[in-house]
Every structure is written in structure tokens, then in C-alpha cells.
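In: take this sequence and fold it.
(chains A and B)
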Number of protein chains: 2
Amino acid sequence: MGDSNTGGDWLEEVKWDERGLVPAIAQEHDSGKVLMVAWMNREALRLTRETGHAVYWSRSRQRLWHKGEESGHQQVVHALRLDCDADVVLLEVEQRGGIACHTGRHNCFFRELQGETWVTVDPVLKDPDAIYRKPRAPHP
Amino acid sequence: MGDSNTGGDWLEEVKWDERGLVPAIAQEHDSGKVLMVAWMNREALRLTRETGHAVYWSRSRQRLWHKGEESGHQQVVHALRLDCDADVVLLEVEQRGGIACHTGRHNCFFRELQGETWVTVDPVLKDPDAIYRKPRAPHP
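Out: I've put the predicted structure just below:
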């Protein structure tokens, strides 16, 4: 930290959890829709700022995950925000392809509670098999 | 779980973390603004559905936190959504008083990254001393 060339200070203002991560919310900048939530470590947040594209930390793969690296559905970052406790990051993004979710839907919050049932209320826009080169697990 | 009277099944569909919690995003239903992120346990989510008002789990106080219990700034829930991995909840809410943040701002994401600096870009709408009966820490 403290390396002014890499902007270490702004990264240190974030309150990373015991794993060195914070949740990151991607919100579509024009529609206001919440697209997805993933996790970032310092390097992911640094790269997100540098490249202007969302980079997350994949907890299951334990590696950096350049959103859209397989699908082409990159997220172009319009703004980065930090909350009052400095432990959640909000990204205002443009979602390439209009699909953020690995299920082929616009966003990941496609289930709504109706009575006591989670009901899928948003359609699949594109078959995941046509999006990804190979079968894949949920969020990497 | 499995008690149909309390809707145990829909609560069990949520993937609670090792602490029995999930992050919950509160989004203003009309403006689309992301207001805040807090945590819920099963009881908080159950009560949120039952009462129609956001109830969170305070990690610092280790107790249920009825949003607005001190400030009066309750969140009236219009919809509850669950993401593809079932490990994040999204609440579409009406924010009473128009203030979600304990700093007296509309929402908690009032800092924006400009260059390599987090800059406060949203105003305080009401002095926190006038909102709360006694001085308080950040998010309970």
C-alpha cells in the first residue's frame, strides 16, 4: 500500500474482509436494474478501475474473473461507488449483450417471492449452451 | 424447516452462509437507486415477508434490526427477489423519510471514485443527531 503510482491509498480505504474480499454489486447504468453480485479482491478492483471493465474474484476458481471472458458479456464501467462502511462496492455498468447471468437472463435476480414460493419471473434471452463454449457451473 | 405454516421451504431454498446469513440489497422501487446492503438470517427474512418491512440481522449487535426502529426510516417492501445462486436477496422498497443511510444521506453509496480518490458526491439531507435519539456507531 501507499504506492502512489498504483493508487494504493484508495484501495486501502476499502474494508476488505478476513478473506481480503468485498461484495460488488453491478447495476445497469441506464435501466437501474441490479444485474448481479460478485466479489472483488484488491487486484480485481484495481484492474476494474484501470481497464474500465468489471473484474471480479472467483471464489470457486480462486482466480481473477474478467467478466465476459468466455461469454463476451463484458461490463463497461461508468462509475464506481463505495458505501458508508466502505465494505461494499457498487459498479454502474453498461452490460454488453444485455445478458449478465450465466443462465442467459438479463440479470441474476430473476426469482421473485410470491406467497411462499420463489417464482421465476424473467425469461431466458439466450441458451447458455450458445453463450459458453463448454458447460459450466454457476458463478465461477 | 418444512413447517408449511411458516413457509420453511422457501427459506431453505436460500443458501445461507456458514454464519447463517445472506447479503440483502435494498433498492428504491421507483428511482432504482441502490440504498444499502445489510445482512439477513432466516428470522430476518421471514419477518421481512410477514411484516412487509425490512428486517435485517445486525452483525455488530448480534440481534434482529428492524430498519427504522430508531430513525423511523422504515423500508416498505414491494418485492423480494433471489439471485441465481440463491445467496443474495434483493428488496425493492419504499424508503420512508427518503433517508436510508445512518449519515443522514439518501443512500449509503455516496462516495464515487474520481481518479484515485473516493469523493463524497451526495449531500447530507438531515443531521444524524436529529435522526437518532443518541449517538450511534455505523451500521448496527
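
In: show me the strands in chain A, by range?
Out: Taking DSSP state E to define them, one finds strands in chain A at A:22-28, A:34-40, A:55-58, A:63-66, A:75-82, A:89-95, A:111-114, A:117-120.

In: got a markdown table for these, with mean pLDDT, mean neighbour count and distance to chain B too?
Out: From N, CA and C alone the C-beta is placed, and that goes for glycine too. Written out in a markdown table, the entries for the strands of chain A read as follows (pLDDT from 0 to 100; neighbours: other C-beta atoms under 10 Å in any protein chain shown; distance: least, C-beta to the nearest C-beta, whole Å):
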| stretch | mean pLDDT | mean neighbour count | distance to chain B |
| --- | --- | --- | --- |
| strand A:22-28 | 98 | 23 | 6 |
| strand A:34-40 | 98 | 24 | 5 |
| strand A:55-58 | 98 | 22 | 12 |
| strand A:63-66 | 97 | 15 | 14 |
| strand A:75-82 | 98 | 20 | 4 |
| strand A:89-95 | 98 | 23 | 5 |
| strand A:111-114 | 98 | 17 | 4 |
| strand A:117-120 | 97 | 13 | 5 |
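
In: surely residue A:105 meets residue A:121?
Out: No - the pair residue A:105 and residue A:121 does not pass the contact test of C-beta atoms under 8 Å, sitting 10.2 Å apart.

In: residue contacts, residue A:120?
Out: Contacts for residue A:120 were tallied using C-beta atoms under 8 Å, 6 or more residues apart in numbering or on different chains; they are A:110, A:111.

In: identify the bridge partners of residue A:40.
Out: Counting by DSSP bridges, residue A:40 is bridged to residue A:22.

In: so what's it up against?
Out: Residue A:40 makes contact with A:21, A:22, A:24, A:48, A:55, A:56, A:57, A:89 under the criterion C-beta under 8 Å, 6+ apart.

In: how about a cut-off of 10 Å?
Out: Residue A:40 sits next to A:14, A:16, A:20-24, A:46-48, A:54-57, A:64-65, A:89, A:91 when contact means C-beta atoms under 10 Å, 6 or more residues apart in numbering or on different chains.
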